[in-house]
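> Compute the structure for the input listed below.
(3 chains)
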Amino acid sequence: MSAAANGGVVTGRAGSVLRLRSARIALAVLAAIAVLAVFGPALAPQGPLTLNTNSLFQGPSWHHLLGTDYLGRDVLSRLMAGAPLSVLTALEAVGIGMVLGIAPGIASTFLGRGFDFVANRVADALMTLPSIFFAVAVTAALGNGLVQAMVPIGVLLAPAYFRITRAATLEYSRAQYVEAAELMGASKFHLVKAHVVRKVFPNIVVTTASLTAGALLAVSFLTFLGIGVQPPEPTWGGVLSSDLDYLSQAPWAPFIPGALIAVSVGALNAFADAFRDRGGRGALALPPLAQLTVRTGPTLEDANGSRRSVA
Amino acid sequence: MALDDLLLDDPVFAPTAARAVPPREDVLRIDDLHVSIHDGLATAVRGVSLRVGAAETVGLVGESGSGKTLTCRAALGLLPAGCRVGSGSVSFAGQDVTSASRRTWESIHGSQVGAVFQDPASYLNPSLTVGAQLAEVLRVKGRLSRQQARRRAIELFGDVGLHQPERVFHQIPAELSGDMLQRAMVAIAISCGPRLLIADEATTALDVTIQAEVIDLLLDLRRRNGLAVMFVSHDLAVVAELCDRIYVFYAGQVVESGTVEDIVHRPRHPYTKALVRVASGGDFRRRHLEVIPGSPPQVGTRMVGCSFADRCRFALGPCCSGEVRSVVVGDQHEVRCARANDGELSDELLAV
Amino acid sequence: MSVADLVLVASPTTTAAAGGVPSRQRGRQILARIGSGLAVLVPIVFISSFITYSLGALSNSDPAATILGQDGATPQAVARMNRALGLNHPLVVQYGNWLVKAVHGNLGVSYFTQVPVSTSISQRLPVDLSIAGLAVVLAIVIGGSAGILAAVRRGGWFDRGVTLVCSAVSTLPAFVVGIILVVLFATTIKIFPANGYVGPTTSVPEWLEHIILPGLALSLQVSADVARQLRTSLVGVLEQNYVVGATVRGLPRRRVLFRHALRNAAGPAITVLGYDFPLMLAGSVAAEAVFSLPGLGQLLLESAQTRDIPVVQGLLLVISSFVIVVNLVVNTTLNVLYRTNDGTST
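Below is the predicted model of the structure:
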């Protein structure tokens, strides 16, 4: 399939995802955020907690690239320093979801219908609980900490992983070549280990990207609501929340952390889309001209295959 | 069973009687139609002219890609995306609809012309009952009340030969067999009393025995309601059984047209002759399939000279240069062949 | 996606021989489907409410001690309080008691304010109902029309605009959108109030004034999802043969679009709406924070802070019941719209 004009979608294996321009941009953004997540506080140009009482609510300037907040603190530094908490707890939630979801998903094909029924009901039940509500509710039980709050988020992400691994395993186990392999003596477990994982892997990558985006939003949300924030430690949601309190003095302020969250989430979603599409939908490839007509009836054989070309 | 036998057995056709054209206005008339595809990249219908008179059955025969389906779609105002009428005209009972508005088409569809297609199940809404879909047309276009529409719908289902029409009324397409669906489609198509029914490969997907029944149905409708039918198919045998006149399509053009008599017994175009041979050659005793060597040109390929020349046994120099015009060779019989007036050729065609 | 799928999958099939079904039999079919849907939901309700209840067990706070205060928390008083609160029974029994009482409308009493939980909830419920209701309506109207117009004028500027806006909106969390709205319409251009709530019984125009910004903020995410989904399905459906079939019968275009195309394309969009509903409820917590609305979200935050377990449990139960009911409605709608030949849907 030829590369179409729009974005250069090409069929191929995983490496080809990089050929999509939006994927390259997304990955670059994600790499930058990853760096921040690890080295954020160290890279911040100024102390995130440093007060500059004579320069409150300043707009972007050379000294303060993103301006200052209501206590004169450099916004850029605060956001950079707040990166690790947001990103790492989001990843924590996704990790929990993976651990809790993938194993039952694969197992439910092999452990019989009873287990499958129960597992499905549990997954459903979890999906009826709104994530933020549940997370906040858990803090009532476990105390007001961000780490604790992300555990329920993680638990609520598990059904998604459960679903895809279950679907893939189910589909796989019914394939005829599996039956053939089993007849030849391979154990189901071995087959699963060798093949299902590979088959499911792309789905998992896409799901993980999307769910990380969701988890990141959830973290921002929770810190916005004040869960897990130990002032004056900065968090993305916390910065957003305090900006809201001083909206009249600095109406432009909330857009900055908002944009940061949006960009991270957008990059993750773009990556997920690119990865999913790399199978080459070729949406813009023109159908061959001959396909216009419906193949009707027996076609006339061609014995010598001669065809005169255009003069 | 040879084609000739078919014709002799059919009481409607006497081998010698030529059908007189009824002196009324043509139900459908297409003049020099050109249709381009892929937003003008190629021309798939190149100068097609045909007419369907009142209560006539006309057949369009040709292989895939010959332009017959596109011609139908153009006649219905339903060209797929990217296809456009380049030039020429289409008119229903004298009314030119070539560049008709959507509103005009809405009033023509159903009331003046109906259509049935190859895969009836796909042309019906899968989540509504067939009865509801027929009743809908009756209520919206025929302005009947719910009760009246329901009654009339069941009546129509009976008319097209469906058993237990009340039961069929409540079934969704997935619950009905192919031939029942096709009958239901016919019922819907004729429900508002159109004068023309366009059937595009309507019997292709059906069993041979069912095919015969559907053809009988169409003939019956013609007898009872004076319905004209334009029947499109790749199968000359079926077309010959049903139609009064036939247009043979090849590579986007009409290469021969005439009464079914002319086409079957006195073909003047080598392609037509080959088609007739293929259609009547399905005899178990023969050892090889009748084939036409070579294959038709890809849709839209621009041709110089006769488009069939590269596969024609009788091709000569003049066939490959210059435009080949349509020549009248008999009463209602035309052929598009460079050697049309060549006596030698016509003798050879009759002989083989 | 969750409950919806399950209900559909678990429905029993009727034999194909049933054939033509006149309308009252069809009505019975739908009822049977709802019944089996409910049957599947029962375990879900139990499981989710059990999870909710066991939060209390997870908690390592000692409600008895907290209520009695530091001075009164002698071991005997604590033991007595525990018995009074019913905390000395095994978890499952406690759960059972709680559930039974809940079904009768008794959700217990706040540890601290001694106000019945059901009272607190019912006081604040209208706020959330107003906002969520408005959000759903807006999502259907805005998302629906955008999706339809984009599909009908596929490839046009409207279509591309809608796609762009949808992508942008899905990256913005609901509360950011809410903030933007506040900034635009309440602070800068003072059309709508930035906070507070006025009930419809007091004054309808003021009520509308107060719920429109939060409702809009909540609905945007869902509208985007609905629009995107509807556009995709509708584009697919419009290419189907039965649209050609309906057109060639001479039916007016609007009818073909709504009665035939949309009817079949709406399914996935309705499913998305059901799926997004819990997300929208989550967003209402933020909306209440941003717009200072006295809703259930605020109640949740406050009681979580004070670790007022009964309130939290009651809230969670009420909320998840909402979600389950909405899912049931979605499924019923899908069942009514679609049927296949053996009686199951899609």
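> domain parsing for chain B?
What the record gives for chain B is the domain set B:25-243, B:248-350, from automatic domain parsing.
> Quote the end-to-end distance of stretch A:185-197.
Distance between the boundary residues of stretch A:185-197 (C-alpha to C-alpha, to the nearest Å) amounts to 20 Å.
> quick one: average confidence on it?
Stretch A:185-197 shows a mean pLDDT of 68.
> Which strands or helices does the strand or helix carrying C:Val325 pack on?
Assigned by DSSP states H and E, C:Val325 belongs to helix C:309-337. Secondary-structure packing of helix C:309-337 (3 or more C-beta pairs under 8 Å, 6 or more residues apart in numbering or on different chains; DSSP states H and E): helix A:131-142, helix C:2-10, helix C:23-58, helix C:91-103, helix C:117-138, helix C:263-291, helix C:296-305. In this view, the C-beta of every residue, glycine as well, is placed from N, C-alpha and C.
> quick one: the first one to helix C:23-58, angle?
Put plainly, it is helix A:131-142. Orientation note: helix A:131-142 sits at an angle of 30 degrees relative to helix C:23-58 (axes from the mean of the first three to the mean of the last three C-alpha atoms, to 10 degrees).
> Which strands or helices does helix A:131-142 pack on?
helix A:146-173, helix A:197-225, helix C:23-58, helix C:263-291, helix C:296-305, helix C:309-337.
> swap in the longest one?
Counting contacts by 3+ C-beta pairs under 8 Å, 6+ apart, helix C:23-58 packs against helix A:112-127, helix A:131-142, helix C:2-10, helix C:91-103, helix C:309-337.
> tell me the pLDDT at the most centrally placed residue in chain C?
Nearest residue to the geometric centre of chain C (C-alpha atoms, centre = their mean): C:Phe277, 3.4 Å. At C:Phe277, the pLDDT value in this model is 84.
> For it, give its distance to C:Leu181.
As judged by C-beta to C-beta, to the nearest Å, C:Phe277 and C:Leu181 stand 21 Å apart.
> just C:Ile34 next, same as before
Per C-beta to C-beta, C:Ile34 is found 38 Å from C:Leu181.
> quick one: which of these two has more around it?
More crowded of C:Ile34 and C:Leu181, by other C-beta atoms under 10 Å in any protein chain shown: C:Leu181, with 21 against 17.
> Helices of the stretch 251-352 of chain B, start to end?
For the stretch 251-352 of chain B, applying DSSP state H, counting those that start in this stretch gives helices covering B:260-265, B:270-280, B:343-351.
> so where is chain B shaky, pLDDT-wise?
Along chain B, the parts satisfying pLDDT under 70 run over B:1-24, B:281-291, B:352.
> which one is whichever residue of it sits closest to chain C nearest to, not counting chain neighbours?
Residue of chain B nearest chain C, by C-beta to the nearest C-beta: B:Gly110 (2.9 Å). Leaving aside its sequence neighbours, B:Gly110 sits nearest to C:Gly250 (C-beta to C-beta, 6 or more residues apart in numbering or on different chains; 2.9 Å).
> what's the neighbour count on the one you found?
C:Gly250, neighbours per other C-beta under 10 Å, totals 23.
> Help me confirm that it is found in a helix?
No - C:Gly250: not assigned to a helix; according to DSSP: H, G, I helix; E, B strand; the rest coil it is coil.
> Tell me how many other residues crowd the closest residue to A:Asn52 other than its chain neighbours.
Leaving aside its sequence neighbours, A:Asn52 sits nearest to A:Gly72 (C-beta to C-beta, 6+ apart; 3.6 Å). When neighbours are defined as other C-beta under 10 Å, A:Gly72 has 16 of them.
> quick check: angle from the helix ranked longest in chain A to helix A:197-225?
Looking across chain A with DSSP state H, the single longest helix is helix A:75-107. Relative orientation of helix A:75-107 versus helix A:197-225 (the same axes, to 10 degrees): 140 degrees.
> Helix A:75-107 - what's its average pLDDT?
In this model, helix A:75-107 has a mean pLDDT of 85.
> and the helices and strands packed on helix C:23-58, which is most packed in?
helix A:131-142 (a mean of 26; mean count of other C-beta atoms under 10 Å in any protein chain shown).
> Now do that one: distance to the chain's middle.
Relative to the chain's own centre, helix A:131-142 is displaced by 22 Å; criterion: C-alpha atoms, centre = their mean, to the nearest Å.
> same check, this time on stretch B:231-246
From the chain centre to the centre of stretch B:231-246 is a distance of 7 Å (C-alpha atoms, centre = their mean).
> hmm, it touching chain A?
Yes - judged by C-beta under 8 Å from any C-beta of the partner chain, stretch B:231-246 comes into contact with chain A through B:233-235.
> Got a quick PyMOL command for the buried subset of those?
PyMOL command restricting the residues of stretch B:231-246 next to chain A to the buried ones, with burial defined by 16 or more other C-beta atoms under 10 Å in any protein chain shown:
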select buried, chain B and resi 233+234+235
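> Could you measure from the residue of chain B positioned farthest from its centre over to chain A?
The centre of chain B is farthest from one residue, B:Gln147, which by C-alpha atoms, centre = their mean lies 35.4 Å away. Per C-beta to the nearest C-beta, to the nearest Å, B:Gln147 is found 40 Å from chain A.
> what's the helix or strand for that residue?
With DSSP H and E as criterion, B:Gln147 is part of helix B:146-159.
> quick one on the thing from earlier: tell me which of the helices and strands packed on helix C:309-337 sits most buried.
The highest mean neighbour count among these, using mean count of other C-beta under 10 Å, belongs to helix A:131-142: a mean of 26.
> Just the CA atoms of that one, as PDB, please.
Taking C-alpha atoms only, helix A:131-142 is exported to PDB below (Å, rounded to 0.1, in the frame of the first residue of the first chain):
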ATOM      1  CA  SER A 131     -13.400   6.700  39.600                       C
ATOM      2  CA  ILE A 132     -13.000   9.900  41.400                       C
ATOM      3  CA  PHE A 133     -15.800   9.200  43.800                       C
ATOM      4  CA  PHE A 134     -14.400   5.900  44.600                       C
ATOM      5  CA  ALA A 135     -10.900   7.300  45.100                       C
ATOM      6  CA  VAL A 136     -12.100  10.000  47.400                       C
ATOM      7  CA  ALA A 137     -14.100   7.500  49.300                       C
ATOM      8  CA  VAL A 138     -11.100   5.300  49.800                       C
ATOM      9  CA  THR A 139      -9.200   8.200  51.200                       C
ATOM     10  CA  ALA A 140     -11.900   8.400  53.900                       C
ATOM     11  CA  ALA A 141     -10.900   4.900  54.800                       C
ATOM     12  CA  LEU A 142      -7.200   4.900  54.300                       C
END
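> sorry, back to before: quick one: which of the residues of stretch B:231-246 next to chain A is nearest chain A?
Taking C-beta to the nearest C-beta as the measure, B:His234 is the one of these closest to chain A, at 4.0 Å.
> I figured the closest one was touching B:Gly62, is that so?
Yes - between B:His234 and B:Gly62 there is a contact under C-beta atoms under 8 Å: 6.7 Å.
> Let me know which of the helices of the stretch 251-352 of chain B is the nearest to chain A.
Proximity to chain A (C-beta to the nearest C-beta) singles out helix B:270-280 among the helices of the stretch 251-352 of chain B, at 7.2 Å.
> and that closest one with helix B:343-351, angle?
Counting by the same axes, to 10 degrees, helix B:270-280 lies at 0 degrees to helix B:343-351.
> Which other helices and strands does helix B:270-280 contact?
Checking 3+ C-beta pairs under 8 Å, 6+ apart, helix B:270-280 ends up next to helix B:3-9, helix B:236-242, strand B:245-250, strand B:253-259, helix B:260-265, helix B:343-351.
> Mean neighbour count and distance to chain C for those - can I get that in JSON lines?
Shown next, in JSON lines, are these (neighbours: other C-beta atoms under 10 Å in any protein chain shown; distance: least, C-beta to the nearest C-beta, whole Å):
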{"stretch": "helix B:3-9", "mean neighbour count": "14", "distance to chain C": "31"}
{"stretch": "helix B:236-242", "mean neighbour count": "24", "distance to chain C": "21"}
{"stretch": "strand B:245-250", "mean neighbour count": "26", "distance to chain C": "21"}
{"stretch": "strand B:253-259", "mean neighbour count": "25", "distance to chain C": "24"}
{"stretch": "helix B:260-265", "mean neighbour count": "23", "distance to chain C": "27"}
{"stretch": "helix B:343-351", "mean neighbour count": "13", "distance to chain C": "39"}
